[in-house]
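In: based on what follows, work out the 3D shape:
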Amino acid sequence: MEEQRIVDDERITTFGRLVEAHARLTNVLDNELREALGLPLRWYGLLLHVGRSPHGVRPMKELIEATAFTSGGVTRLVDRIERAGLVQRLPCPTDRRVQHVGLTDAGQEMLQRATAVHLRGIQEHMIDALDPGEVKRLNEILPKLVAQSGGRR
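Out: Down below sits the predicted model:
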């Protein structure tokens, strides 16, 4: 009987498929946003985090926790998006040490336009490839993986 090589373990294959699907979807969705609006997907992600906030602003600390970037990475990202006129830094009214990020009017408009492009891409490249039951199941599975790995999204 032939012994299975450890590198052929199905768990590695499953994880690899998840990583590959993420990478391919990220690349195609990034390209679509860049072509349509000149907006990188990373910028859209930050605009979305801020735009979805209850009061339209997010503390920098929350942006760091909500993304896969380091503190310095988020700071540089906010710097670039701020120079483009899409976000602004705002002082926290209760704690001078805390800095908030809010959308400008141009940022709000860009978020709306980018979301329309992004939704079309998600539909075409992900949702249309699955049947409704698979989409439902994926929405049940992914939060479990995030929670298991200590994520907070």
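In: what's the helix or strand for Val74?
Out: Taking DSSP states H and E as the definition, Val74 sits inside helix 71-83.
In: now the helix or strand following that helix: average pLDDT?
Out: Heading C-terminal from helix 71-83, the first helix or strand you meet, by DSSP H and E, is strand 87-91. The average pLDDT within strand 87-91 is 93.
In: still on that earlier bit, check what contacts the helix holding Val74 and list those residues.
Out: By Cβ atoms under 8 Å, 6 or more residues apart in numbering, the surrounding residues in contact with helix 71-83 are 42-43, 46-47, 60, 63-64, 67, 69, 87-89, 101, 107. (C-beta placed from N, C-alpha, C; glycine too.)
In: ranges for the strands of the protein?
Out: 57-59, 87-91, 99-103 (DSSP state E).
In: ranking the ones you listed by burial, who's on top?
Out: strand 99-103 (a mean of 20; mean count of other Cβ atoms under 10 Å).
In: in the protein, which residue is closest to the centre?
Out: Among the residues of the chain, the one closest to the centroid is Gly45, at 4.4 Å (Cα atoms, centre = their mean).
In: what about stretch 38-53, distance to the chain center?
Out: 8 Å (Cα atoms, centre = their mean, to the nearest Å).
In: ok, now stretch 121-130?
Out: That offset, for stretch 121-130, works out to 17 Å (Cα atoms, centre = their mean).
In: average pLDDT for it, rounded please.
Out: 97.
In: just to revisit the earlier point, show me the contacts for the residue nearest to the centre of the chain.
Out: Counting by Cβ under 8 Å, 6+ apart, Gly45 has contacts Thr67.
In: can you list contacts of the helix or strand of the chain with the lowest mean pLDDT?
Out: Ranked by mean pLDDT, DSSP states H and E, the helix or strand of the chain with the weakest confidence is helix 60-66, at a mean of 85. Helix 60-66 is contacted by residues 46, 49-50, 58, 70-71, 74-75, 78, 98-101, 152-153 when judged by Cβ under 8 Å, 6+ apart.
In: report the buried members of those residues.
Out: Leu46, His49, Val50, Arg58, Val74, Val78, Gln99, His100, Val101 (16 or more other Cβ atoms under 10 Å).
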